[in-house]
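Asks: Below are the sequence and a predicted model; questions follow.
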Amino acid sequence: MLPSVLSDQFAANNQRMQVQCDNCGFGTLYVTPLGRCPQCGEDFLRMEYDLAGLKAAGWVEAMQKRPAMMGLWRYRELLPLRNEANIVTLGEGSTPLIHMKNLGALLGLKHLYFKDERQGPTNSFKDRQASVAISVMQEQGIREAVVASTGNVAIAYSAYAARAGLKLWAFFPSRVPNDKMREVALYGTEVIKVTGTYDATKAMAATFAERKGIYYDRGIKSLAAMESMKTMAFEIAEALGWRAPDWFIQGVSGGMGPIGVVKGFEEFLALGLVDKVPAIGLVQSSGCAPMVQAFNNGLPVAVPVENPSTIIATLATANPGRAYQILWDMMQRYGGAAASASDEEAFQTTKLLARTDGISVEPATAVGFAGLVKLVREGKIKPDEVVVFNCTGHTFPVEKAILGDRWAKQVDLSSVEKQERLPETSLLNSVQTLASNVRRVLIIEDNEDSARLLVRILQSSGNYKVHVARDGVEGLAMVRNVHPDLIISDLMMPGIDGFQVIESLRAEEDFHDIPVIVLTAKELTVQERSRLNSQVDSLLHKGSFLNEDLVQSILEALN
Ligand SMILES: *Cc1c(COP(=O)(O)O)cnc(C)c1O
Ligand SMILES: [Zn+2]
């Protein structure tokens, strides 16, 4: 039960909500969730609220006083439900906005945040959609419904449908991982696998619903979906101190997330709570990227992809239709950029997120972050900008493909147990074998954050004993003490800089063979480059290299 602070004060406003068609101008009082526009057939209608009236009646202040535990229903006057008695909730919304300190440092972004949608009741941002959509069904007296899904919508809907006592049929393209379908079945939903694309699955589900005469959830085209997503914008604005970020970035399939978020910021702008709407960073899977292709070719209409070739089923909308046109318009108005990332890049990024900032995500989310990295490298996202990444979800165990087979080290103690005698020595032998490959690495770096980050990357990627020197003088002294197998050095440091460190090492017989990897924050001049060239094993640019690049350079240098 929600606290009854959701009092009658604004209840009348929910009787005045309007549905609007931007295509032909048709408008009507919101009583039931319409399908298409009755006048022109437009698929996407728009909810309109009496924002000026709410503002004048003190809604902003009242909303700000409501506790976070109310989740997205804190904004219930801006959601398409007429009577709060119909709310079906599991505590969705109010997810934290978390500063990505390490990855921000790695990418050279000072204000990089992730909206942690993994913390919803079924671990993805589809919980918002499910709560609003199932509440609306409850209000309409709908007792049975059909949904088509690539996984997460069905999982979320199933949980909320169970709670509301509503019978649900879920249609999946057969590419969806079995783990996701099994979870849906657990909630008591009827599971139907369709051998075909996601778009074909949607068509089949719609036909089935029509034949059986039951309600078909129109997904992104339903008012509930779009309206639910905008609550992310409201929460982001509050977490940033009633401000909009410069960017909202997401791995996109149908586009519901970013479209809803833009509408949310537009409403907060109208209420005077923020002063702008963020630009959209649109990221798709390379194997199915109709929107990214269209956007980067300057086209307002996307060409459907014939054969989606990605194993990330969550992002496999081949024909975005009108949703892309809406996004295109928004990105023309507020700014935007688009990038795509391959499955392989997504898997690498999954590891990067987990090991660098402790965030375990599913591949669809990793695609989004891989795209963010590209937009930073292309200079489209600037170092000082406030960037919010939608950490959309982590609804099932990571696929085997990500870690490969060698994710654990094995110690075989069976022979030890049989010997009985001197088990300690054998155990010690095993431990020594484990520890014998330790390589000594010396980091010479005056920036504390960078040094900490490098230590962390090394710790998570192998057996290294890491020493840190704060400047060139200390670095040269430590080379003598530690005899490192490898040196990773910054170039620009006070006192003796990286150039001098390398030159004096190369002049000494004992040390001139130690491989050196140089990290630099600035573009080098031609002279600087030639000064370094023959002397270092690898040169990486801070703020643009990723863990994998560094680890690759380390492995090459040590071989
Ligand atoms: C649904 C989903 C997406 C794609 O969302 P859209 O905004 O509809 O394109 C991305 N990631 C995850 C985890 C999802 O569940
Ligand atoms: Zn119309």
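Replies: That came in fine, so what should we check first? Quick caveat, the model's predicted, so the values are computed rather than measured. Numbers count the residues shown, from 1 in each chain. Ligands and ions are numbered 1, 2, ... in the order given.
Asks: Name the residues of this structure found near ligand 2, please.
Replies: Counting by C-beta under 5 Å from the ion, the positions of the chain adjacent to ligand 2 are 21, 23-24, 26, 37, 39-40, 42. In this view, the C-beta of every residue, glycine as well, is placed from N, C-alpha and C.
Asks: Derive a PyMOL selection command for the buried subset of those residues.
Replies: Applied in PyMOL, the following selects the buried portion of these according to 16 or more other C-beta atoms under 10 Å:
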select buried, resi 21+26+37+42
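Asks: list the contacts for the residue in the chain positioned nearest to ligand 1?
Replies: Scanning the chain for the residue nearest ligand 1 gives Gly257, at 3.0 Å (criterion: C-beta to the nearest ligand atom). Applying C-beta atoms under 8 Å, 6 or more residues apart in numbering, one finds that Gly257 lies in contact with 125, 229, 232, 250, 390, 392.
Asks: From the residues you listed, which land in strands?
Replies: When those are checked against strands (DSSP state E), the matches are 250, 390.
Asks: picking that back up, quick one: which of the residues of the chain next to ligand 2 is nearest Arg66?
Replies: When these are compared for distance to Arg66, the smallest value, 32.1 Å, is given by Cys21; criterion: C-beta to C-beta.
Asks: The closest one reaches Gly41, doesn't it?
Replies: No. Counting by C-beta atoms under 8 Å, Cys21 stays clear of Gly41, with 9.4 Å between them.
Asks: Please report how far the residue nearest to Glu266 when sequence neighbours are not counted lies from ligand 2.
Replies: Counting by C-beta to C-beta, 6 or more residues apart in numbering, Val277 is the residue found nearest to Glu266 once chain neighbours are left out, at 5.9 Å. Val277 sits 25 Å away from ligand 2 when distances are taken as C-beta to the ion, to the nearest Å.
Asks: same check, this time on Val386
Replies: Distance from Val386 to ligand 2, counting by C-beta to the ion: 37 Å.
Asks: One more: Pro67?
Replies: As it turns out, when the distance is counted by C-beta to the ion, Pro67 lies 40 Å from ligand 2.
Asks: quick check, Phe511 in a strand?
Replies: No. Phe511 is assigned coil when assessed by DSSP: H, G, I helix; E, B strand; the rest coil, not a strand.
Asks: what's the neighbour count on Arg470?
Replies: 18 (other C-beta atoms under 10 Å).
Asks: That one contacts Asp446, correct?
Replies: Yes. Shown here, Arg470 and Asp446 form a contact pair, counting by C-beta under 8 Å, at 5.8 Å.
Asks: what sits in contact with each of these two?
Replies: When C-beta under 8 Å, 6+ apart defines a contact, no residue borders Arg470 and Asp446 alike.
Asks: Looking at the most centrally placed residue in the chain now. What's its pLDDT?
Replies: With distances taken as C-alpha atoms, centre = their mean, the chain has Cys391 as the residue nearest its mean C-alpha position (2.9 Å). Confidence at Cys391, expressed as pLDDT, is 98.
Asks: Spatially nearest residue to it (excluding sequence neighbours)?
Replies: With sequence-adjacent residues excluded and distances taken as C-beta to C-beta, 6+ apart, Cys391 is closest to Phe114, at 4.2 Å.
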